[in-house]
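K.L.:
coordinates for the following, if possible.
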Amino acid sequence: MDIIAGTAGHIDHGKTALVKALTGTDADRLPEEKQRGITIDLGFAELDLGDVRVGFVDVPGHERFIKNMLAGVGGIDLVILVIAADEGVMPQTREHFEICRLLEVGAGIIVLTKSDLVDGELLEIVRLEVDELVAGSFLEGAHVIPASAKTGEGIDEIKSALLELSSRVPARLNETVARMPIDRSFTVKGFGAVVTGTLVSGEIKTGDEFELLPEGKNVRVRGLQTHGKAVEIVRAGQRAAVNLAGVDHHGVARGMVLAQRGVLRPTQMLDAEIEVLPDSPKALRSRQRVRVHTGTIEALARVQALNETGEIAPGAKDLVQLRLEAPVAAIPGERFIVRSYSPQSTIAGGEILDTFPKKHRKRELGVVREFLQGLIRSGEARHAKVQLVLGSAGTGGLTFADLQAKTGWRRETLEDALSGNGIATAGNYYLTAEAFEGLKSQTIAEIEAHHKREPLAKGIGGELLREKVFAHLADDIFKEVITTLENAAKVAREGETIRIASHGVELAGDDKQIHVRLRKIYADARFEVPKMEDALEQAATGTKLQKQNARKIFQLLLDGGELLKISEDFYFTRGAIDDLVDKMKTFAAGTPDRLIDVPKFKEIAGISRKYAIPLLEYFDRERVTRRAGDKRLIL
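P.N.:
Numbers count the residues shown, from 1 in each chain. Below you'll find the model as predicted:
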């Protein structure tokens, strides 16, 4: 089992010396650190306890290097809060402790270093200070171990406590995609770029294709090390050194995230729940410029309090939107710390809820708060969470890729969350069953309204229906709604026209008379039909409305197949065309080559050339005939 332990505490309280006493490794690696005797940047060491391997992240205690401390503490499983017995609780002790509490570090131990420098009475006073500091927190009741890196006192007890705590550290959930916030990058001669970090989820294997976010630079894993040994695979919860191909180490910086390719997307807005520290000197206010720390990155941001007052008082917890000045790669559920812009101090922390929110308006606050509070209440219930996310997308739905980017979940995790009731699919899109049913109802209502507006129309055109109900929605959603209604016998589709399945045109009064006259005009004409406009003029001799309706009634005859369009001007009854086809078949049966020319066709049909040419071209299109030079082959 692998766990990550982070040190925390005030400057010069002996964190690095303690790590060296436990592991034999000096975590101060920079020449400047050696010269000044303080930890400036992160240091790393390992301790093998048999069944448990502990990776140590040694963080700087000086207030000027808190951002470096935050880059290391985000991925730890437990904390070792280091307090010098000869000084007691100091300002950075409190700040580091509050940071660990806000990041919801689950467990830890408290080590009273330099215990060889104090007597029992002073040691007891420091214990009381510690009890007061951690009362009601995750460290209440934790081991408090006096120790000395110089004499070795307490070192074995600390190892035993770490071994005991490891059994209570929950396994890392692997429901999110593989990602590793980068805390260091360098180059190794002959190998190229190497990055280090704690793999917070998933696994990395040699040969994997990953990307560096937020830049989106594609890279390949050439090699892996953990605990100083070359390995083929690194799993969640392990410290890793990753040799990358496809990038120079100068193009990699702390704060980037090594992530599974093509899943996560950078963002510059985060909706979150935040807790302001009780001893913060001021309320957290909208428009306030702050420093946001998540993973290993520090990003400047403006705060927007999502409440009516525009501020969050010290000690209070509420919802905010963080509008970042640079893109970050983050996922819901990640913890973060907020520090004041200047002078820098830790003022708040919380949990990311939504990584791709819109910029909220004041009138939308009620809906926004209900959605975000729903995400909080859903907890680990993934199906409920994905329904909320889809609900916020409305009738537009989201693709699988959109949902992965918004949740950070692995494919298998998301597929499981999407199974079950309450979620509809439409091609590549997912939406709530409620939204899908709403679209079906809107569609039925719009078609019915069209039937009332246009009683002589057979139905509504597909493009018009799309414009009325499905404007700006994906074609997949439109098609699925219509297909579902069609399969349920609620609507019928004929070509591009869609109607209510039970709808039929019933003619009465003037409309019925126009219908009768049009049918008679074409039936009597046989093959000497008038042009369409002339036929409409003959059928509707009254008002302008009658003439408009005559065109719609003419379309009904076409839609019903009673009339056939031969050309833009000429239409014939189906009966007349069928009779003519029979005559041509009879002629072909008595002609060895089955060929017919225009004069013979005119003779058979008893028509002039004005009608013969359009009819023959129609028969060519319908594959009744085929041109053969200046004649036609009857097929």
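K.L.:
tally up the residues packed near G495, please.
P.N.:
10 (other Cβ atoms under 10 Å). Bear in mind the C-beta positions are built from the backbone N, C-alpha and C, glycine included.
K.L.:
I misspoke; the intended subject was I444.
P.N.:
With neighbours defined by other Cβ under 10 Å, the count for I444 comes to 16.
K.L.:
hmm, it is touching I482, no?
P.N.:
No: checked against Cβ atoms under 8 Å, the pair I444 and I482 is beyond contact range at 10.9 Å.
K.L.:
common neighbours of the two, please.
P.N.:
Common neighbours of I444 and I482, counting by Cβ atoms under 8 Å, 6 or more residues apart in numbering, are V491.
K.L.:
so which bits of stretch 226-245 are buried?
P.N.:
226-227, 231, 234-244 (16 or more other Cβ atoms under 10 Å).
K.L.:
among those residues, show me the least confident.
P.N.:
pLDDT across the buried residues of stretch 226-245 is at its lowest for H227, which sits at 77.
K.L.:
tell me the contacts of the closest residue to that residue other than its chain neighbours?
P.N.:
Computed as Cβ to Cβ, 6 or more residues apart in numbering, the closest residue to H227 that is not its neighbour in sequence is E46, at 4.8 Å. E46 sits next to T23, T25, R53, V54, G55, F56, H227, G228, R239 when contact means Cβ under 8 Å, 6+ apart.
K.L.:
what is E46 paired to in the beta sheet?
P.N.:
G55 (DSSP bridges).
K.L.:
G192 and G223 touch, don't they?
P.N.:
No: using Cβ under 8 Å, G192 makes no contact with G223, being 9.8 Å away.
K.L.:
need the overlap of contacts for those two.
P.N.:
Counting by Cβ under 8 Å, 6+ apart, the residues touching both G192 and G223 are N243.
K.L.:
quick one: low-confidence residue ranges for the protein.
P.N.:
26-43, 59-74, 504-508, 542-546, 560 (pLDDT under 70).
K.L.:
longest helix in it, by number of residues?
P.N.:
Counting residues, the longest helix in the chain under DSSP state H turns out to be helix 433-453.
K.L.:
give the buried residues for that helix.
P.N.:
Those would be A435, F436, L439, K440, T443, I444, E446, I447, H450, H451, for helix 433-453 by 16+ other Cβ under 10 Å.
K.L.:
could you break this structure into its assigned domains?
P.N.:
2-166, 179-260, 267-368, 572-634 (automatic domain parsing).
K.L.:
quick one: end-to-end distance for the third one.
P.N.:
With Cα to Cα, to the nearest Å as the measure, the first residue of domain 267-368 is 18 Å from its last.
K.L.:
who is the residue lying closest to L173 once chain neighbours are set aside paired with across the strands?
P.N.:
Nearest residue to L173, sequence neighbours excluded (Cβ to Cβ, 6+ apart): S201, at 7.3 Å. Beta-bridge partners for S201, by DSSP bridges, are R179.
K.L.:
who's in contact with S201?
P.N.:
S201 neighbours (Cβ under 8 Å, 6+ apart): R172, L173, N174, E175, T176, V177, A178, R179, A236.
K.L.:
could I get the buried residues of stretch 226-245 in TSV, plus columns for distance to T309 and secondary structure?
P.N.:
Converted to TSV, these look like this (distance: Cβ to Cβ, whole Å; DSSP: H, G, I helix; E, B strand; the rest coil):
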residue	distance to T309	secondary structure
T226	48	strand
H227	50	coil
V231	53	strand
V234	46	strand
R235	45	strand
A236	40	coil
G237	41	coil
Q238	45	coil
R239	43	strand
A240	45	strand
A241	48	strand
V242	46	strand
N243	51	strand
L244	47	strand
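K.L.:
which one of the residues you listed sits closest to L398?
P.N.:
Checking the buried residues of stretch 226-245 against L398 by Cβ to Cβ gives A236 as the nearest, at 26.4 Å.
K.L.:
what residues sit buried inside the strand ranked longest in the chain?
P.N.:
Longest strand of the chain, by residue count under DSSP state E: strand 317-328. Buried positions in strand 317-328, judged by neighbour count with 16+ other Cβ under 10 Å: D318, L319, V320, Q321, L322, R323, L324, P327, V328.
K.L.:
spit out the contact partners of the third one.
P.N.:
Meaning V320. Contacts of V320 by Cβ under 8 Å, 6+ apart are D271, A272, E273, I274, L284, V303, Q304, A305, L306, I312, G350.
K.L.:
so the residue lying closest to the last one once chain neighbours are set aside: helix, strand or coil?
P.N.:
Once flanking residues are discounted, G350 sits nearest to I274: 3.7 Å by Cβ to Cβ, 6+ apart. Using DSSP: H, G, I helix; E, B strand; the rest coil, the structure places I274 in strand.
K.L.:
use 134 as the first number from now on
P.N.:
OK, 134 is where the count begins now, so the last one is I407.
K.L.:
so I407 touches I485, yeah?
P.N.:
No: the pair I407 / I485 is not scored as a contact, 10.0 Å apart, by Cβ under 8 Å.
K.L.:
tell me the phi and psi of V352?
P.N.:
phi -140, psi 170 (degrees, to the nearest 10).
K.L.:
tell me the contacts of it?
P.N.:
With Cβ under 8 Å, 6+ apart, V352 has these contacts: E342, F343, E344, L345, L377, A378, G379, V380, L391.
K.L.:
H493 now?
P.N.:
So, once contact is read as Cβ under 8 Å, 6+ apart, H493 ends up touching Q437, L439, Q454, V501.
K.L.:
turn the contacts of V453 into JSON lines, including neighbour count.
P.N.:
Putting the contacts of V453 into JSON lines (neighbours: other Cβ atoms under 10 Å) gives the following:
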{"residue": "D404", "neighbour count": "23"}
{"residue": "A405", "neighbour count": "29"}
{"residue": "E406", "neighbour count": "17"}
{"residue": "I407", "neighbour count": "23"}
{"residue": "L417", "neighbour count": "25"}
{"residue": "V436", "neighbour count": "24"}
{"residue": "Q437", "neighbour count": "20"}
{"residue": "A438", "neighbour count": "21"}
{"residue": "L439", "neighbour count": "24"}
{"residue": "I445", "neighbour count": "24"}
{"residue": "G483", "neighbour count": "24"}
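K.L.:
report the two of the residues you listed separated the most.
P.N.:
Checked with Cβ to Cβ, those reach their widest spread between D404 and L417, with 14.9 Å between them.
K.L.:
neighbours of A446, how many?
P.N.:
Per other Cβ under 10 Å, the neighbour tally for A446 reads 13.
K.L.:
ok, it touching K415?
P.N.:
No: with contact defined as Cβ under 8 Å, A446 does not count as touching K415 (9.2 Å).
K.L.:
ok so T284 is a strand residue?
P.N.:
No: if the criterion is three-state DSSP, then T284 is coil and not within a strand.
K.L.:
quick one: contacts for the closest residue in space to it that isn't next to it in sequence?
P.N.:
In space, and not counting its chain neighbours, T284 is closest to D249: 5.1 Å by Cβ to Cβ, 6+ apart. Neighbour list for D249: S281, K283, T284, E286 [criterion: Cβ under 8 Å, 6+ apart].
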